[in-house]
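Student: just a sequence and a predicted model for now, questions to come.
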Amino acid sequence: MRRINKPNLFYGWIIVIASLFVLIMCGGVFYSFGVFFEPLEVEFGWSRASISSVNTFLLLAMAVSTYTMGRLTDKYGPKRPLIAGALIMGIGLCLCSQAQSLWQLRAFYILVGLGSGATWVIPTATAQRWFMKRRALVLGIVVSGVGLGALVFAPLIDHVIFLYGWRTTYILLGLVSWAVLTAASVVMVMSPEKKGLEPYGAEELALKAELTPGINKTTDSSKVWTTQLWSTKEAIRSKALWGLVILYALTLIPIYMISTHIVRFALDAGISGAIAASALGLIGGMSIAGRLVMGGAADKIGWKTALAICCFFCGAAAIWLTEVNNWWMLYLFVVIYGFFYGGKVPQIPGLVGFFFGTSSLAEITGIIHALSVLIGAAGPLIAGYIFDKTGSYTIAFSLAAVSFIAAGILALVLKPPRKIIAEKKPG
């Protein structure tokens, strides 16, 4: 029996902290675009559909990047892909400060998107590999970084733009994102086996398997949590993967739509710029509570049920948003939507790990995220086009509500994949 090192501090918690900081920058960069929206509109006079298209280009590039980064992470580990992503994202953000035309800004945001793919697939896949017990809670902690990034960066960026202008702000954001992501990459390790450890909770679950009749006993403790480890090719052939793609896309369309346009929507309603930016940040703040609470709840009520609850409440909040016309109505939306939007975030990567195991988790996560983002990227553009045609966001936010509700229904009916294993008969 091999000897497992048992340090006082389980290294997986260092992975969790590093992953948290990676996703703080992911949230900071993603949510910052809504704050840059008005300065860009004022300086260049572009239509809202045109400005929204910049975020769409970011998301399309991110879709390509998440698959590539996931594949590279499964092959080489998380360190090198994260370093590359940090450099590309930092350069892209700094170049945004030099934009003089719409096509230039789109091109620079494509670079940001190519780098930002590393900030989602690497931390969510790597953290799951280190934990068998409390995996839902760990994912909740890790993805709370997106909300924390929005909470900190949205009002901060608004203030820095006020002091120094949007061009200088892009340079500062690029330098900070490069520094934080590079520092986080130093401690990233792909799996506990690389450090002579087992996943957190492996011994306890293995003992439970020994004592519980009917559980398949195996010397590989990673199979106690799920007895089926799927390859990427096997996962692609399953209906469950494509169901997850559709479900995820239905949640991303309204999320991208709201995050891009809510600051401008609030300004149109006569709400001050400071309150509008703080509301965007507060969505991130409330989402932290949602990620932690619903992440922990998923351990008890299951990934699917927790996801459906979050989607239904987000749909209700989107309906409320169509009636918002003052600051208190905006903040009520922020509290409800922020909590349940945040609660949704750990559920889908958790479902991916639950359905397909961890052997090819980064690449499978990258595929699902990439395809979903390709569809969801239309959200900001749709909202901008509808506003340009109607002068209102009512239809756009109503579509967001329908999309959330459809995702909740799909979450309830989606079934886990089942492998069909052919057994050779004796003789």
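Tutor: Alright, I've got the coordinates.
Student: when you work out contacts or count neighbours from here on, use the C-alpha atoms and nothing else.
Tutor: OK.
Student: for Val187, which three-state class applies?
Tutor: Using DSSP: H, G, I helix; E, B strand; the rest coil, the structure places Val187 in coil.
Student: please read the previous query as pertaining to Gly270.
Tutor: coil.
Student: show me what contacts Ile368?
Tutor: Residues in contact with Ile368 (C-alpha atoms under 8 Å, 6 or more residues apart in numbering) are 241-242, 244-245.
Student: again, but for Ala407
Tutor: So Ala407 contacts 247-248, 250-251, 308, 311 (C-alpha under 8 Å, 6+ apart).
Student: hang on, the earlier thing: just checking, which of the contacts of Ile368 belong to helices?
Tutor: 241-242, 244-245 (DSSP state H).
Student: following the helix or strand bottoming out on mean pLDDT in the chain, which helix or strand shows up next?
Tutor: Ranked by mean pLDDT, DSSP states H and E, the weakest helix or strand in the chain is helix 222-225, scoring a mean of 36. Downstream of helix 222-225, the first helix or strand assigned by DSSP states H and E is helix 232-236.
Student: that next one - contacts with which helices or strands?
Tutor: Here helix 232-236 touches helix 361-376, going by 3 or more C-alpha pairs under 8 Å, 6 or more residues apart in numbering; DSSP states H and E.
Student: tabulate the ones in helices among the contacts of Ile368 (JSON lines), appending neighbour count, distance to Phe404 and pLDDT.
Tutor: Shown next, in JSON lines, are the ones in helices among the contacts of Ile368 (neighbours: other C-alpha atoms under 10 Å; distance: C-alpha to C-alpha, whole Å; pLDDT from 0 to 100):
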{"residue": "Leu241", "neighbour count": "23", "distance to Phe404": "19", "pLDDT": "94"}
{"residue": "Trp242", "neighbour count": "16", "distance to Phe404": "18", "pLDDT": "95"}
{"residue": "Leu244", "neighbour count": "23", "distance to Phe404": "14", "pLDDT": "95"}
{"residue": "Val245", "neighbour count": "19", "distance to Phe404": "14", "pLDDT": "95"}
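Student: as JSON lines, those residues with distance to Ala235 would be great.
Tutor: Listed next are the ones in helices among the contacts of Ile368 as JSON lines, based on distance: C-alpha to C-alpha, whole Å:
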{"residue": "Leu241", "distance to Ala235": "6"}
{"residue": "Trp242", "distance to Ala235": "9"}
{"residue": "Leu244", "distance to Ala235": "11"}
{"residue": "Val245", "distance to Ala235": "12"}
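Student: now for those: which two are most distant?
Tutor: For these, the farthest-apart pair by C-alpha to C-alpha is Leu241 and Val245; their separation is 6.3 Å.
Student: helices or strands up against the helix or strand harbouring Leu148?
Tutor: For Leu148, the element it lies in under DSSP H and E is helix 135-164. Applying 3+ C-alpha pairs under 8 Å, 6+ apart, one finds that helix 135-164 contacts helix 11-44, helix 118-129, helix 166-185, helix 273-301, helix 327-344, helix 347-356.
Student: angle of that helix against helix 11-44?
Tutor: Orientation of helix 135-164 against helix 11-44 (axes from the mean of the first three to the mean of the last three C-alpha atoms, to 10 degrees) gives an angle of 30 degrees.
Student: much appreciated, bye for now.
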